[in-house]
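>>> Structure for the following, please:
(chains A and B)
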2 protein chains.
Amino acid sequence: MKDSPEYLQKRAFYDSLLTIYGRKPVLEALEDLSLPVHKLHLANSNRRDQLIARMEQLATERRIDIAHWDRKGLSRISKNARQDQGVALDLALPHYGTSARFLEEKHENYELLALDGITNPQNLGMIIRSACAGGIDGILLPRKGCAQIDPLVIKASTGTLFKTRILRCDSLAPTLEQFRASGAEVCGLSSHAQDTLSAVPGDRPTIFVLGNETRGVSEGVTKQCSRLVRIPMKNDVESLNVAVTAALISFRHQL
Amino acid sequence: MKDSPEYLQKRAFYDSLLTIYGRKPVLEALEDLSLPVHKLHLANSNRRDQLIARMEQLATERRIDIAHWDRKGLSRISKNARQDQGVALDLALPHYGTSARFLEEKHENYELLALDGITNPQNLGMIIRSACAGGIDGILLPRKGCAQIDPLVIKASTGTLFKTRILRCDSLAPTLEQFRASGAEVCGLSSHAQDTLSAVPGDRPTIFVLGNETRGVSEGVTKQCSRLVRIPMKNDVESLNVAVTAALISFRHQL
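Down below sits the predicted model:
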């Protein structure tokens, strides 16, 4: 049954669900008709003000289901009781999925970014924005050790989150092992590397691993890298902002 | 007398003075022996705590003059009474100067960034960091309409401010006019431009003008541009963070 077409289709749908929360992000997403919305979740405790009324109106117009919850129920959906402000929204994003699914699809050639220890939501949003504009094929975002998609990230991505293929996984190191086994080159960015970015062959699937700004790529993840490369820097500068690094990688073929 | 070697040398020295303020930035600058420090300024109102004692000790060891001021006198030096915390420091930075001096030096070929309406200190710091690492020859920073060098900018530049040629001017439009008259190509970055960055000829002095993230390059400055160019973006992304744009320009020859 786990392989039936219905099951796989359902799984793909639920894999693509991104739950956002907070009044402003939810209202903005409801107002953006290009975003496929699955369900609006409201806490019964909400005072029925103009904003809530507007959300309900938009959901009705767009024929989106509205679910009502007690405060606890809503926080189980938003997974962030402190910041959800009593509202959450499930988006069904075709670009939001899992690394497992991406591997199953057996793409011939691609370039991905993999994020290791990127904990700052501002940086995560800027990485998504830069990588999307540069045309990267996807971003590997592990649940462990990285910031997750939240209103701050959405804001910093300036709408590009909804156009970028996000590949979720649990933990980065074993996922990179799977990608390597499938034939991908895994390049860790490190300022101490001997080779520069231009040494990376462009003729095979490639994953660029970006590490934490202070600590760099972690040890466990470095072990899964088939090579380490650096961005060539002048004036003895030691490091770049991680979103700038993401941009330089993503744009390097088209400048 | 205005042309005497002594006068010119003195002017060059005073042009190179950057006054920073705030206890942490001042202490860090005093501890960094690579930074040429001219003078330490202290307010008499300061409680003589460990931090102040350490600053005095470092200044004495480094044979740096210490000037004592009342609160008002110090704020005339720091130009920021609210944030100076009673301490200021004059750095004599060889890379910190004016656009007028740069023009007088008659450089043969160069690439500069010019900033128009960059009001966010975080972005200014990140622009400096990216441009320095990419090897840009200088940053034109007008007093009007842009954030100025302050502790937030220094922090965001992660030390690269002290290695980057900063060319101050009063107002950007008339300065760009002077640069054009001297033979420089002035390229305004605009997402609506027809030409892309790769259309810029690399064989003459070039200035890239970066505008405000929301409003773009201002009208008066656009008039001084000899051409407008855009960064080619995928996925219908409309804009990039301005520090990312600065990085892509600065690194474009070496990726």
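
>>> CA atoms only: put stretch A:59-79 into CSV for me.
Provided in CSV are the C-alpha atoms of stretch A:59-79 (Å, rounded to 0.1, in the frame of the first residue of the first chain):
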residue,chain,number,x,y,z
ALA,A,59,-10.6,32.4,2.8
THR,A,60,-14.3,32.2,1.9
GLU,A,61,-13.7,34.0,-1.4
ARG,A,62,-10.9,31.7,-2.3
ARG,A,63,-12.8,28.6,-1.1
ILE,A,64,-10.2,27.8,1.5
ASP,A,65,-11.2,25.6,4.4
ILE,A,66,-11.1,27.3,7.8
ALA,A,67,-10.4,25.2,10.9
HIS,A,68,-11.1,26.5,14.4
TRP,A,69,-9.1,25.4,17.4
ASP,A,70,-8.6,26.1,21.0
ARG,A,71,-5.3,27.9,21.9
LYS,A,72,-3.5,24.6,22.5
GLY,A,73,-4.7,23.0,19.2
LEU,A,74,-3.6,26.0,17.3
SER,A,75,-0.1,26.0,18.8
ARG,A,76,0.2,22.3,17.8
ILE,A,77,-0.4,23.4,14.2
SER,A,78,1.9,26.5,14.3
LYS,A,79,4.5,24.8,16.5
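
>>> what about A:Ile207, how many residues close to it?
Using other CB atoms under 10 Å in any protein chain shown, A:Ile207 has 24 other residues around it. For glycine as for every other residue, the C-beta is placed from the backbone atoms N, C-alpha and C.

>>> go on, A:Glu105?
Neighbours of A:Glu105 using other CB under 10 Å come to 9.

>>> could you measure it against chain B, distance?
Distance of A:Glu105 to chain B, computed by CB to the nearest CB, to the nearest Å: 19 Å.

>>> A:Gln83 too?
A:Gln83 is 22 Å from chain B, where distance means CB to the nearest CB.

>>> What does the pLDDT read for the residue lying closest to that residue once chain neighbours are set aside?
Nearest non-adjacent residue to A:Gln83, counting by CB to CB, 6 or more residues apart in numbering or on different chains: A:Gly22, 5.9 Å away. Listed pLDDT for A:Gly22 reads 93.

>>> swap in A:Arg168?
96.

>>> same check, this time on the one 3 residues further on
pLDDT, the model's per-residue confidence, is 97 for A:Ser171.

>>> Pull the number of nearby residues for it.
For A:Ser171, the neighbour count with other CB under 10 Å is 13.

>>> my guess is A:Arg165 meets A:Gly138, correct?
Yes. Using CB atoms under 8 Å, A:Arg165 is in contact with A:Gly138, at 3.7 Å.

>>> does the residue nearest to A:Glu56 when sequence neighbours are not counted sit in a helix, a strand or a coil?
Leaving out its chain neighbours, the residue that sits closest to A:Glu56 by CB to CB, 6+ apart is A:Ile66, at 6.5 Å. Following DSSP: H, G, I helix; E, B strand; the rest coil, the label given to A:Ile66 is strand.

>>> Give the other helices and strands that the helix or strand hosting A:Gln9 contacts.
Here A:Gln9 sits within helix A:5-15, counting by DSSP states H and E. Secondary-structure packing of helix A:5-15 (3 or more CB pairs under 8 Å, 6 or more residues apart in numbering or on different chains; DSSP states H and E): strand A:96-98.

>>> So which elements touch the strand it packs on?
So strand A:96-98, by 3+ CB pairs under 8 Å, 6+ apart, packs with helix A:5-15, strand A:166-169.

>>> Can you add mean neighbour count and give the ones you listed back as CSV?
Below are these laid out as CSV (neighbours: other CB atoms under 10 Å in any protein chain shown):
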stretch, mean neighbour count
helix A:5-15, 11
strand A:166-169, 22
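
>>> Need the CA coordinates for stretch A:156-174. PDB is fine.
Taking Å, rounded to 0.1, in the frame of the first residue of the first chain, the C-alpha atoms of stretch A:156-174 are listed here in PDB:
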ATOM      1  CA  ALA A 156      14.000  38.400   4.500                       C
ATOM      2  CA  SER A 157      13.400  36.200   1.400                       C
ATOM      3  CA  THR A 158      11.200  39.000   0.000                       C
ATOM      4  CA  GLY A 159       8.700  36.500  -1.500                       C
ATOM      5  CA  THR A 160      11.400  34.300  -3.200                       C
ATOM      6  CA  LEU A 161      10.800  31.500  -0.700                       C
ATOM      7  CA  PHE A 162       7.700  30.600  -2.600                       C
ATOM      8  CA  LYS A 163       9.600  30.200  -5.900                       C
ATOM      9  CA  THR A 164      12.600  28.300  -4.500                       C
ATOM     10  CA  ARG A 165      12.800  24.500  -4.300                       C
ATOM     11  CA  ILE A 166      13.400  23.800  -0.600                       C
ATOM     12  CA  LEU A 167      14.500  20.200   0.200                       C
ATOM     13  CA  ARG A 168      13.900  19.300   3.800                       C
ATOM     14  CA  CYS A 169      15.800  16.600   5.500                       C
ATOM     15  CA  ASP A 170      16.400  15.500   9.100                       C
ATOM     16  CA  SER A 171      20.100  15.700   9.400                       C
ATOM     17  CA  LEU A 172      22.600  16.900   6.800                       C
ATOM     18  CA  ALA A 173      25.500  14.400   7.000                       C
ATOM     19  CA  PRO A 174      23.500  11.200   6.200                       C
END
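
>>> Relative to B:Ala147, which of the helices and strands packed on strand A:96-98 is closest?
strand A:166-169 (32.8 Å; CB to CB).

>>> Outside of that closest one itself, list whatever touches it.
The contact list for strand A:166-169, computed with CB atoms under 8 Å, 6 or more residues apart in numbering or on different chains, reads A:95-102, A:112, A:128, A:138-143, A:149, A:175.
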